[in-house]
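K.L.:
Have a look at this prediction, sequence included:
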Amino acid sequence: MRSILCSLAALIVATPALAQTAPQISVETLKSVTKELSSDAYEGRAPTTAGEKKTIDYLVKRFQAAGLKPGNKGQWTQDVPMVEITAGNVSAFTATGGKAPVTFNYRTDIVAGTYRVVPKIELKNSDLVFVGYGINAPEKGWNDYAGLDVKGKTVVILVNDPDWQTKEAGAQAGLFEGRAMTYYGRWTYKFEEAARQGAAGAIIVHDTEPAAYGWSVVQSSWTGAQYELDVPNNHMDQSEMVGWIQLAKAKELFAAAGKDFDQLSAAAKQKGFRAVPLGLKLSGSFSNEIKRSMSKNVVGMLPGTTAPDEVVLYSAHWDHLGRCDPVDGDDICNGASDNASGTAALVAMAEAYRAGGPTRRSVAFVAVTAEESGLLGSQYYAANPAFPLGKTVGGVNMDGLNTLGATRDFEIAGAGKSELEDMVKPLLAAQGRTVSAEATPEKGHYYRSDHFSFAKLGVPMLSGGSGLDLVNGGTAAGERASADYLKNRYHGPKDEYDPNWNWDGAVQDLTIYYQLGRQLADGNAWPNWYPSAEFKAIRDKSRQEAK
């Protein structure tokens, strides 16, 4: 406790007094950039498409007009090598060997793809094994793969963590932090671990509540062109097939194997659970259309005056899903909220910094690609940074602005991880706002956006924004609007610009982001992770190497 207090005291001493004047956040900029990037002309801003070219050209123009300088070694953009894989000729997947064959129809029952850059994938009589939550966490004494050899087999995995139904959230609530999702609950981890175990196939059972979205989101996100970073080994260390199946089909599958899905799912929540072979074999195939190309991150900066090699970072992803499953005849996923609005915030923030005058440290504004494909653009930047991560002080990631109106509260994703939170709280208090617990910690937002790519390599990044307690309508109105967006617009063609949006809440949040970043940019503080955070050791190492 003493070390934490000393660290916070040093942080406070090193931080300049909060500026009394509010930053000049242009609502007109927020509107115009969001409207432009989410128009049909950009075709949903899918990476490596004509929509990307338009997006990059527009962002460079707006960054220039905002007074930024090229931030990637004199260039506005950073090449991100991508490989695009589009599945075709997908056969129905069939599980045999049970009471009756179980057939999974593509898109309606199952989505299937691969990370491997190969022309065809074919599973033949791959043994199916239920591995519970598919977690191997030695530090927690938990291993769903204990004593199991899954080479050549296909594992069936539950989404989220074993204790996701716990009412409480946090380290005190359970081995996997109760209702708050850990990285072990993310689908990305589950596929990564299945590959490490040598599984030929990995299938996650979709369940709307613990997944945090309905099957329509899985269907739109996992069909059509899929993107990965282009790497020398062609991702041959990954499973041959990865995918999702509908909950009802999972229950049918288990019944064919003479197993009770609900009973085994309950058993998988208990420490010491052991994987269960289903006695079934899965077969199916699909071909792959492969295309290699370059996508781009856009990097702008304002050079610092006395410590230009030290950098404060703002990030947002410019990409979305491109063309997707049509709704009412519309097949363009415009991504107005997600994330034309956050990209607009980068431009508005740059304008505010220029108006506020030079800063002691440099400030970088990075619009990254392929977030929707698994944080690929930020992952590539973090591994190949324009500014060394050991010299990156910290920053803010912006993914979806509040366009519902002002709120009384502010949520911090993954709260309890970094000292940035202690800097934010007095800024919120000055606005008369409070920090509220995450409304839906089981959705694992901390692991679902680009700040995570930087955090994994040690850089403290704030991910937070308006809570659900709207000034006009209260929490009930906020919850209704959030549920409506998730059901009817998220990752679908209805996420379109609305001229009637209320930007007051966005301005509230952007004021916080600006004031936090300005304190860092004008000061000499180096906020760190709390001692309990999983990223502190790598941060300490990178800072030591940077000195």
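P.N.:
Arrived safely, thanks for sending.

K.L.:
Contacts only, for the closest residue in space to residue 27 that isn't next to it in sequence.
P.N.:
In space, and not counting its chain neighbours, residue 27 is closest to residue 503: 4.9 Å by Cβ to Cβ, 6 or more residues apart in numbering. Placement of C-beta: from N, CA and C, glycine included. By Cβ atoms under 8 Å, 6 or more residues apart in numbering, the residues touching residue 503 are 27, 30-31, 401, 403.

K.L.:
Okay, and the beta partners of residue 79?
P.N.:
With DSSP bridges as the criterion, residue 79 is bridged to residue 296.

K.L.:
Surely it and residue 296 touch.
P.N.:
Yes. Here residue 79 reaches residue 296: they are 6.2 Å apart, a contact under Cβ atoms under 8 Å.

K.L.:
Neighbour count: those two, which is higher?
P.N.:
residue 296 (26 against 13; other Cβ atoms under 10 Å).

K.L.:
That one reaches residue 52, doesn't it?
P.N.:
Yes. Counting by Cβ under 8 Å, residue 296 touches residue 52, with 7.2 Å between them.

K.L.:
tell me, what's touching the two both at once?
P.N.:
Common contacts of residue 296 and residue 52 (Cβ under 8 Å, 6+ apart): residue 369.

K.L.:
Could you point out the longest helix of the protein?
P.N.:
Looking across the chain with DSSP state H, the single longest helix is helix 504-522.

K.L.:
Dump that one to CSV, keeping only the CA atoms.
P.N.:
Taking Å, rounded to 0.1, in the frame of the first residue of the first chain, the C-alpha atoms of helix 504-522 are listed here in CSV:
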residue,chain,number,x,y,z
ASP,A,504,-23.4,16.6,-25.7
GLY,A,505,-22.2,13.4,-24.1
ALA,A,506,-19.5,13.0,-26.7
VAL,A,507,-18.2,16.5,-25.9
GLN,A,508,-18.2,15.6,-22.2
ASP,A,509,-16.0,12.6,-22.9
LEU,A,510,-13.7,14.2,-25.3
THR,A,511,-13.1,17.0,-22.8
ILE,A,512,-11.9,14.4,-20.4
TYR,A,513,-9.7,12.7,-23.0
TYR,A,514,-8.2,16.1,-23.9
GLN,A,515,-7.6,17.2,-20.3
LEU,A,516,-6.0,13.8,-19.4
GLY,A,517,-3.7,13.9,-22.5
ARG,A,518,-2.9,17.5,-22.1
GLN,A,519,-1.7,16.9,-18.5
LEU,A,520,0.5,14.1,-19.7
ALA,A,521,1.8,16.1,-22.7
ASP,A,522,2.6,19.2,-20.6
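
K.L.:
how far out from the middle of the chain is that helix?
P.N.:
21 Å (Cα atoms, centre = their mean, to the nearest Å).

K.L.:
And the average pLDDT for that helix is what?
P.N.:
The pLDDT scores in helix 504-522 average 98.

K.L.:
and that helix, which residues are buried?
P.N.:
Within helix 504-522, the residues that count as buried by 16 or more other Cβ atoms under 10 Å are 504-522.

K.L.:
May I have the secondary structure class of the residue with the largest distance to the centre of the chain?
P.N.:
In terms of distance from the mean C-alpha position of the chain, residue 99 ranks first, at 40.4 Å (Cα atoms, centre = their mean). Secondary structure assignment for residue 99 (DSSP: H, G, I helix; E, B strand; the rest coil): coil.

K.L.:
separation between it and residue 205?
P.N.:
Relative to residue 205, residue 99 is positioned 19 Å away (Cβ to Cβ, to the nearest Å).

K.L.:
Likewise for residue 111?
P.N.:
Residue 111 is 12 Å from residue 205, by Cβ to Cβ.

K.L.:
for residue 237, same thing?
P.N.:
Using Cβ to Cβ, one obtains 24 Å as the distance from residue 237 to residue 205.

K.L.:
And the two? Which one has more around it.
P.N.:
Comparing residue 237 with residue 205 by other Cβ under 10 Å, the one with more neighbours is residue 205, at 22 against 12.

K.L.:
ok, what's across the strand from the more buried one?
P.N.:
Bridge pairing for residue 205 - DSSP bridges - gives residue 158, residue 245.

K.L.:
you'd agree it is up against residue 155?
P.N.:
No. Judged on Cβ under 8 Å, residue 205 makes no contact with residue 155 at a distance of 11.0 Å.

K.L.:
Pull the contacting residues for residue 180.
P.N.:
For residue 180, the contacting residues are 169-170, 173, 438, 441-442, 444, by Cβ under 8 Å, 6+ apart.

K.L.:
which among these gets closest to residue 483?
P.N.:
Using Cβ to Cβ, residue 442 is the member of the contacts of residue 180 that sits closest to residue 483, with 14.6 Å.

K.L.:
and that closest one, what does it touch?
P.N.:
Contacts here follow Cβ under 8 Å, 6+ apart; on that basis residue 442 touches 160, 164, 169, 179-181, 209-210, 212.

K.L.:
mind putting those residues in CSV, distance to residue 265 included?
P.N.:
Shown next, in CSV, are the contacts of residue 442 (distance: Cβ to Cβ, whole Å):
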residue, distance to residue 265
160, 11
164, 11
169, 21
179, 17
180, 20
181, 17
209, 13
210, 10
212, 18
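
K.L.:
Dump the residues you listed to a markdown table, plus secondary structure.
P.N.:
Listed next are these as a markdown table, based on three-state DSSP:
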| residue | secondary structure |
| --- | --- |
| 160 | coil |
| 164 | coil |
| 169 | strand |
| 179 | coil |
| 180 | coil |
| 181 | coil |
| 209 | helix |
| 210 | helix |
| 212 | coil |
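
K.L.:
Filter those down to the buried ones.
P.N.:
Among these, those classed as buried by 16+ other Cβ under 10 Å are 160, 164, 169, 179-181, 210, 212.

K.L.:
So which of the residues you listed sits lowest on pLDDT?
P.N.:
Lowest pLDDT among the buried ones among the contacts of residue 442: residue 169, with 80.

K.L.:
pretty sure that residue contacts residue 439?
P.N.:
No. In this structure, residue 169 is not within contact of residue 439 by Cβ under 8 Å, at 10.4 Å.

K.L.:
still on that earlier bit, from the contact counts, what lies against the longest helix of the chain?
P.N.:
Helices and strands touching helix 504-522, by 3 or more Cβ pairs under 8 Å, 6 or more residues apart in numbering; DSSP states H and E, are helix 27-37, strand 307-317, helix 342-356, strand 361-368, strand 392-397, helix 420-430, strand 464-466.

K.L.:
Nearest to residue 138 among those would be which one?
P.N.:
Closest of the helices and strands packed on helix 504-522 to residue 138 is helix 420-430, at 28.7 Å (criterion: Cβ to Cβ).

K.L.:
circling back: mind checking pLDDT for the residue farthest from the centre of the chain?
P.N.:
pLDDT for residue 99: 95.

K.L.:
what does residue 5 give?
P.N.:
On pLDDT, residue 5 comes in at 32.

K.L.:
same question, residue 531
P.N.:
Here, the pLDDT recorded for residue 531 equals 89.

K.L.:
Now do the helix or strand hosting residue 195: distance to the chain's middle.
P.N.:
Assigned by DSSP states H and E, residue 195 falls within helix 187-196. With Cα atoms, centre = their mean as the basis, helix 187-196 stands 16 Å off its chain's centre.

K.L.:
For it, which residues meet the burial criterion?
P.N.:
For helix 187-196, burial by neighbour count (16+ other Cβ under 10 Å) applies to 187, 189-195.
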